[in-house]
Each structure stands twice: as structure tokens, then as C-alpha cells.
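Novice: dropping the sequence and predicted coords here.
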Amino acid sequence: MAKILVIDSEREARNFTCRFFSERHFDVAWAGDVLEALPIVKDGHPDIVVLCINTDAPWDIEALKSIKEANPQTRIIIISSDDDIDIMQKALQSGAVAFLSKPILLSELIDIVLRNLKKNRRYFEMKIEPKNE
């Protein structure tokens with residue numbers, strides 16, 4: 001089972017993203033910030049990290065670098081509320097595999113995750129149980 005770590009300081013957004021991946025049978029962990037996430041990255045070896053950044057905080061790119069140092073094989077997807085081209089370029093140069101601006105399309109996010117896991121969409125299709133009425 002693929003492991004995903006969601007790092008987001010906004011609890012509602014983090015919970016939504018975690019639920020989205022859990023419903024698709026990913027092994028999901030979460031953290032509110034990078035300091036909380038680093039032990040998970042080192043010990044849990046997530047395949048994918050979804051890192052929500054605030055482009056006003058210059059340390060966020062350093063956070064990306066810290067994650068890559070802790071586990072170089074982890075693929076990092078950046079989600080930002082800003083589509084600042086300089087931040088996007090720095091993130092990609094620092095090792096991110098993708099940069100998405102909010103509001104994100106969940107179909108785009110899952111496609112990026114699956115592409116980086118080298119899986120097709122059917123591999124993790126959400127199983128929907130029929131409702132008994």
C-alpha cells in the first residue's frame with residue numbers, strides 16, 4: 001500500500017486531504033508542520049508528501065529541502081495558495097515533483113500521485129459500497 005504524508009497547518013484542509021486519500025486505500029499520515037513531519041518522513045518513509053506551503057514564509061522551501069534530506073526517495077507535491085512563479089521554480093529546483101495552486105482539482109492531485117507511484121487510476125479507484133434501501 002502506498003504511503004502518503006499530508007503536511008498542512010490548516011486542520012480542515014488537512015483532514016479533507018487525508019480523508020480523500022484514505023477513501024482510496026492509501027496509508028495516510030499527517031502533520032501540522034514540517035517539524036512534526038520530519039520524524040514521520042525519517043521513520044515512516046512515505047512514498048509521497050503533500051506539502052501545503054505559505055509563500056509568505058521563506059522557510060517553506062527550506063522545509064522541502066529538509067524533507068528531501070530526511071528521505072531522498074520521497075516525492076513531494078507542493079500545494080500553495082499563491083501561484084508565484086519564483087516560488088514555483090524554487091520548489092521544483094529543490095526537489096518537488098509538482099506545484100499546484102489552490103484551489104486544487106482533486107483529479108489533478110490524484111493523477112500526479114499515481115503518475116509518481118507509476119500506477120494507473122484503476123489501481124486505487126475508490127470502492128463504493130451500494131446502499132441498501
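Specialist: Thanks, I have the structure now. Numbering: from 1, shown residues only.
Novice: only C-alpha atoms for contact and neighbour calcs from this point on.
Specialist: Will do.
Novice: give the contact list for the residue lying closest to Ile104 once chain neighbours are set aside.
Specialist: Nearest residue to Ile104 in three dimensions, chain neighbours excluded: Ile79, at 7.9 Å (Cα to Cα, 6 or more residues apart in numbering). Neighbour list for Ile79: 50-53, 99-102, 104 [criterion: Cα atoms under 8 Å, 6 or more residues apart in numbering].
Novice: any idea how far the host helix or strand of Leu114 is from the middle of the chain?
Specialist: Element membership for Leu114, per DSSP states H and E: helix 106-117. Between the centre of helix 106-117 and the centre of its chain there are 10 Å (Cα atoms, centre = their mean, to the nearest Å).
Novice: now for the lowest-mean-pLDDT helix or strand in the chain, which elements pack on it?
Specialist: Across the helices and strands of the chain, mean confidence by mean pLDDT, DSSP states H and E is lowest for helix 59-70: a mean of 82. Helix 59-70 sits against helix 34-44, helix 85-93, with contacts defined as 3 or more Cα pairs under 8 Å, 6 or more residues apart in numbering; DSSP states H and E.
Novice: what residue ranges in this protein score low on pLDDT?
Specialist: 55-60, 120-133 (pLDDT under 70).
Novice: Leu5 versus Asp33, what's the distance?
Specialist: Going from Asp33 to Leu5 by Cα to Cα, to the nearest Å gives 11 Å.
Novice: give me the more crowded residue out of the two.
Specialist: Remark: of Asp33 and Leu5, Leu5 carries more neighbours, 26 against 18, as counted by other Cα atoms under 10 Å.
Novice: just checking, the more buried one touches Ala29?
Specialist: Yes. The pair Leu5 / Ala29 is scored as a contact, 4.8 Å apart, by Cα atoms under 8 Å.
Novice: show me the contact partners of the least confident helix or strand of the chain.
Specialist: For helix 59-70, the surrounding residues in contact (Cα under 8 Å, 6+ apart) are 34, 38, 41-42, 51, 53-54, 74, 76, 90-91, 94-96.
Novice: possible to save those as a markdown table with distance to Glu62 and neighbour count?
Specialist: Listed next are the contacts of helix 59-70 as a markdown table, based on distance: Cα to Cα, whole Å; neighbours: other Cα atoms under 10 Å:
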| residue | distance to Glu62 | neighbour count |
| --- | --- | --- |
| Val34 | 10 | 21 |
| Leu38 | 12 | 19 |
| Val41 | 15 | 25 |
| Lys42 | 16 | 13 |
| Leu51 | 12 | 28 |
| Ile53 | 11 | 22 |
| Asn54 | 12 | 16 |
| Thr74 | 16 | 23 |
| Ile76 | 13 | 29 |
| Lys90 | 10 | 12 |
| Ala91 | 9 | 22 |
| Ser94 | 9 | 17 |
| Gly95 | 11 | 18 |
| Ala96 | 12 | 23 |
